[in-house]
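**Q** Structure of the sequence below:
(one chain, ligands or ions: 1)
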Amino acid sequence: MSVLLDSLTTNQCMLAVAACALVTHWIFNRWEPTDIPTLFILLLLAPAAASTLLIQHHGVTYGVALTFFTYHASLLSSITVYRISPFHPLARYPGPLLAKVTRWYLTFIAVGGRQHVVTRRFFEQYGDAVRVGPNEVHFRDLSVLQTMMGLKGMPKGPMWDGRSLKGGKSMKGSGILIGLRDNATHARRRRPWNRAFSSAALKNYEPVIVKRVSQFVALLEKQKQIDFARRVHLFTFDFISEALFGGESEAMQDDDKDGAVGAMHIAFKELQFYENIPWLGRLARYLPSAGGNAKGFITMCRSRGVERLAKTSSTKDLFYWLNNEDGSEKEDPPKLTVIVDSTLAIIAGSDPTSAALSTIVYCLLTHPQAYARLQTEVDQFYPPEEDSLDQKHHTSMPYLEAVINEAMRLYPVVPSGTQRAPERGSGGFVAGPHFIPEWTSIRAPTWSLHRDARNFAQPDAFLPERWLAPEDRDATGLASPGGAHDMRAFVPFSYGPRNCVGKNLAMVEMKVVLTHMLQRLRLRFEEGFDPVAWESGLEDRFGLVVPRLPLIVERRI
Ligand code: HEM
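**A** Residues are numbered from 1 along each chain as shown. All right, here's what the predicted structure looks like:
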């Protein structure tokens, strides 16, 4: 053997190293390994072993360096050529060349916070199916949306391995509900959540809504000059914390003294990076300094879950259902599962609702006629002597719902939607007219669907009238768009069995906030507010992060 090795020339040794790299590429292609031990073997150990070939010609230092260079250059070249070649399974999809070559292209766009806008531009440039990564395609196509998200749809995609900072955990079922990538496990874990948000259970949260909304509006009355985006986030945080744990949370009162709410958006930025490069998320788990804000925030949320676990609540809070305190499930869930899911509840139950409320207020203030029409509706049902914390008139207030829907259409709070991918070992999935090969991730970005003129006429205009029955539309002479209005494309809460479980709670909460606030307060932008700058400051961090919304608040009654 050693005689054979001795007889090889330097060029032949380099060819052998390159051949090893091609085998590695084949392994990557076939199994897409992302776990750290396998990456370590393929990217470090394999070239280290191959370097014995060149060491005999060039000594240790130069031999090892030349081997590593040859190995990784061959691997990278082979991967690049394959990804842009006609043999790649996604070759038929158009898209930016760099996006086809490397995942870092989309990552770079995503960390800039503008993925929602850039993806829409891609659709305009390339058509309704765009390859945005070596193994990722985005669709602006309702048939894809419905099949990928529907009852027999695809499981959640690998972005959740990165966001959970735990890689494979989300495949095995111990991650948070939203990140569970196995449909059966997800459906099982979703059952207590569905019970927690049934119509009967929602009644239990009503006293918390009343208490927290009146506290929120009373604080606004006192403050006069506010950053609405921040204040409303503190409100939704306190509300969901109390609805979840039954106990107290005083972020509104103490102005987020422990920084929990502020930390959420910093954590979002970090997690967004890892969602794009999931294997780095797995690595970050072992590096104490990586993802520090996200880890700190998650630890803080978990500690609240641990505290609640030690008590039994006197009310049927959300934790009551998640912890199987109603006894509906034969077996109690593992404590860790309850704790991680209560972390999810804090984030999912506070951030999107606050972002939606900010965009609703922004839309009203930039459209004074719509504001006036909503004010008229609120005054009709909630004159000063009527309790505006009581939901009893909501069903008779079509304009209230129209305003909420229209703001969520224009500014969906999960702008890029969530990723789905075919089940491992399934061979692929048929989504609408497309065959999606295994190892491919897809999305139907909500922002682009909502702003497609084929789905909604005048897609960039704020026209709540489009949501009204025809006879109500022109009541105040405001423009009504007519034309396209495709409800299948309206998915602010996502679609199908893995959609937002808190949708009904969020709608009630937003309606109570708006009716109570509009009954009691007059809102306007602070002098010098620039709507164009505000809109371009919106960031897609999986959740929509809204910039400061400086308002002047005056009492009406
Ligand atoms: C305006 C407010 C809200 C919007 C627009 C919204 C939107 C969404 C979206 C788009 C998803 C992703 C679904 C998917 O992966 O396809 C989601 C998931 C989720 N949301 Fe909401 N959400 C809102 C409020 C809430 C509230 C108040 C809660 C209460 C805790 C909540 C709890 C959840 C949970 C637990 C999930 C994960 C569901 C699952 O994977 O089965 N959300 N939400």
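
**Q** what's the helix or strand hosting residue 544 packed up against?
**A** In the assignment (DSSP states H and E), residue 544 maps to strand 543-545. Other elements packing on strand 543-545 under the criterion 3 or more Cβ pairs under 8 Å, 6 or more residues apart in numbering; DSSP states H and E are helix 260-276, helix 335-366. For glycine as for every other residue, the C-beta is placed from the backbone atoms N, C-alpha and C.

**Q** just so I know, which of these lies nearest the ligand?
**A** Smallest distance to the ligand across the helices and strands packed on strand 543-545 (Cβ to the nearest ligand atom): 3.0 Å, for helix 335-366.

**Q** Could you check the angle the closest one makes with helix 260-276?
**A** Put simply, helix 335-366 runs at 100 degrees to helix 260-276, going by axes from the mean of the first three to the mean of the last three Cα atoms, to 10 degrees.

**Q** Helix 335-366 and the ligand in contact?
**A** Yes. Using Cβ under 6 Å from any ligand atom, helix 335-366 comes into contact with the ligand via 344-345, 348-349, 352-353, 356.

**Q** Give the partner strands of the strand holding residue 544 in its sheet and their orientations.
**A** Sheet pairing for strand 543-545, assigned by DSSP bridges, gives strand 539-541 (antiparallel).

**Q** Need the mean per-residue confidence for the strand it pairs with.
**A** Averaged across strand 539-541, pLDDT comes to 96.

**Q** Identify all contacting residues around it.
**A** Applying Cβ atoms under 8 Å, 6 or more residues apart in numbering, the contact partners of strand 539-541 are 110, 113-117, 265, 268-269, 272, 415-416, 447, 545.

**Q** and stretch 374-392, how far out from the chain's middle?
**A** 34 Å (Cα atoms, centre = their mean, to the nearest Å).

**Q** Just the terminal-to-terminal distance for it.
**A** Its first and final residues considered, stretch 374-392 spans 17 Å by Cα to Cα, to the nearest Å.

**Q** any idea of the mean pLDDT in it?
**A** 97.

**Q** Any buried residues in that stretch, and which?
**A** Residues of stretch 374-392 classed as buried by neighbour count (16 or more other Cβ atoms under 10 Å): 374-375, 377-378, 381-382, 386, 388-389.

**Q** Over to stretch 131-146?
**A** Within stretch 131-146, judged by 16+ other Cβ under 10 Å, the buried ones are 131-142, 144-146.

**Q** Kindly report the same for stretch 301-315.
**A** Residues of stretch 301-315 classed as buried under the neighbour-count rule (16+ other Cβ under 10 Å) are 301-302, 304-305, 308, 313.

**Q** quick one: which of those residues is nearest residue 424?
**A** The closest of these to residue 424 turns out to be residue 302 (Cβ to Cβ; 28.8 Å).

**Q** my guess is that closest one meets residue 339, correct?
**A** Yes. Between residue 302 and residue 339 there is a contact under Cβ atoms under 8 Å: 5.2 Å.

**Q** returning to that earlier point: what's next to the strand holding residue 544, contact-wise?
**A** Counting by Cβ under 8 Å, 6+ apart, strand 543-545 makes contact with 113, 265, 268, 351-352, 355, 359, 411-415, 538-539, all of which sit outside it.

**Q** before we move on, back to that, which ones among the buried residues of stretch 131-146 are found in helices?
**A** Taking DSSP state H, the ones among the buried residues of stretch 131-146 that sit in helices are 142, 144-146.

**Q** Reformat the residues you listed as JSON lines; add pLDDT and distance to residue 520.
**A** Formatted as JSON lines, the entries for those read as follows, by pLDDT from 0 to 100; distance: Cβ to Cβ, whole Å:
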{"residue": "142", "pLDDT": "97", "distance to residue 520": "41"}
{"residue": "144", "pLDDT": "97", "distance to residue 520": "45"}
{"residue": "145", "pLDDT": "97", "distance to residue 520": "40"}
{"residue": "146", "pLDDT": "96", "distance to residue 520": "42"}
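
**Q** for the ligand, what are the nearby residues on the stretch 351-500 of the chain?
**A** 352-353, 356, 413-414, 418, 492-494, 498-500.

**Q** distance between stretch 428-435 and the chain's centre?
**A** Relative to its parent chain, stretch 428-435 has a centroid offset of 23 Å by Cα atoms, centre = their mean.

**Q** Can you give me the end-to-end span of it?
**A** Terminal-residue distance, stretch 428-435 (Cα to Cα): 7 Å.

**Q** Equivalent analysis for stretch 427-444, please.
**A** Start and end residues of stretch 427-444 are separated by 21 Å (Cα to Cα).

**Q** tell me the mean pLDDT for that stretch?
**A** Per-residue scores along stretch 427-444 average to 95.

**Q** That stretch: how far from the chain's middle?
**A** 20 Å.

**Q** Enumerate the positions of it that are buried.
**A** So stretch 427-444, judged by 16+ other Cβ under 10 Å, has buried residues 429, 431-432, 434, 436, 438-444.

**Q** Inside helices: which ones of the residues you listed?
**A** Taking DSSP H, every one of the buried residues of stretch 427-444 sits outside helices.

**Q** and this structure, which residues reach the ligand?
**A** Contacts of the chain with the ligand, taken as Cβ under 6 Å from any ligand atom, map to 177-178, 190, 193, 344-345, 348-349, 352-353, 356, 413-414, 418, 492-494, 498-502, 505-506.

**Q** I'd guess residue 460 is in a helix, am I close?
**A** No. Per DSSP: H, G, I helix; E, B strand; the rest coil, residue 460 lies outside any helix segment and is coil.

**Q** ok, residue 6 touching residue 56?
**A** Yes. Judged on Cβ under 8 Å, residue 6 makes contact with residue 56 at a distance of 6.8 Å.
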